[in-house]
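Asker: Sequence plus the predicted model coming up.
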Amino acid sequence: MPFFRESFRSFKGNRLSWFRLALAPAILLAIGFSIYLSIEIAHGLDERKLTFWTAVGNIIYMIFSFVGSGCLIINGYRYGILKEGGNKWWVLPLNKRLVRVILYILLIGLITVGFVLVGAGLVFAAHMMFENLFLNILLGTVVAIMAYYTKLRLTLTFPLIAIDKENPLRMSWQMLKGNVLRVFGLLFIITLKILGIMLLGGLILMLVGYLLYLILPVLVVIPLIVGGVFFAYMWLVSIAVSLKSVSLVYLYLTEKQA
């Protein structure tokens, strides 16, 4: 599944479409974070109100995060698979698909918590019975690998929901049988490349900012602005390339099984 280059090539050729698709969800995420930050700043100095308002801020932020992330997932996969929505500036799918995405995010979260609890329980039981550090580490590692393997087998859950397929967990599990290592390699290389670009860009901006500061301290605002734009762009790249790569995996496996 040689989708690494194709994912980046697809983004480069459709930057504006991906920007349009991410615009509305990104605004929702920004609004949620702004409300949370405003509450923290407004009530952070009053310790008596801090706990209550922190809880309120967290709830508001979680709601906006779930809705914004869910819309981004739906927009990205429907465009990546069906080529839908890239010509609209405001794409906010507040419908049944969004509800399903949020419910499955929570479900997969519960599965993850279940693995953590089982792993912690096994490690604790082994420690009480054998008091062997190596065995504790081995058990923890095995459970972690099983949890990540399960997560990878469920990678196609959200693209399946986005295109209105039923039983997405079961379908994802079946479709990715025998392809887990390939999916892992694809996502790992994509993540590595994006992190490398961000690290290199950050180092260059820090160096430029330091040189400008030596010339005139006020000039340091220039790399700060450029850095904000750069990291926002890299966020879009990471979202678009990741969603497109998984979409290509789905299309490949669907064609293969046809």
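Answerer: All right, it came through fine.
Asker: And residue 51, what's its pLDDT?
Answerer: The model reports residue 51 with a pLDDT of 69.
Asker: Packing partners of the worst-scoring helix or strand of the chain on mean pLDDT?
Answerer: Lowest mean confidence among the helices and strands of the chain (mean pLDDT, DSSP states H and E): helix 47-82, at a mean of 85. Contacting helix 47-82 under the criterion 3 or more CB pairs under 8 Å, 6 or more residues apart in numbering; DSSP states H and E are the following elements: helix 15-43, helix 96-130, helix 157-162, helix 221-257. Where you see a C-beta, it was placed from the backbone N, CA and C, and this is true even at glycine.
Asker: winner for burial among these?
Answerer: Comparing these by mean neighbour count (mean count of other CB atoms under 10 Å), helix 157-162 ranks first with a mean of 25.
Asker: CA atoms of it as CSV?
Answerer: Only the C-alpha atoms of helix 157-162 are listed here, as CSV (Å, rounded to 0.1, in the frame of the first residue of the first chain):
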residue,chain,number,x,y,z
THR,A,157,-14.1,2.8,12.1
PHE,A,158,-14.5,6.5,11.5
PRO,A,159,-14.2,6.6,7.7
LEU,A,160,-16.8,3.8,7.7
ILE,A,161,-19.1,6.0,9.9
ALA,A,162,-18.4,9.0,7.7
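Asker: Are there helices or strands packed against that helix, and which ones?
Answerer: helix 47-82, helix 96-130, helix 168-175, helix 221-257.
Asker: closest to residue 197 out of those?
Answerer: helix 221-257 (6.6 Å; CB to CB).
Asker: How many residues are close by residue 149?
Answerer: Residues lying near residue 149 (other CB atoms under 10 Å) number 13.
Asker: OK, contacts around it?
Answerer: residue 180 (CB atoms under 8 Å, 6 or more residues apart in numbering).
Asker: so which strand or helix has it?
Answerer: helix 133-153 (DSSP states H and E).
Asker: Pull out the buried residues from that helix.
Answerer: Using 16 or more other CB atoms under 10 Å as the test for burial, helix 133-153 gives 136, 139, 143, 147, 150-153.
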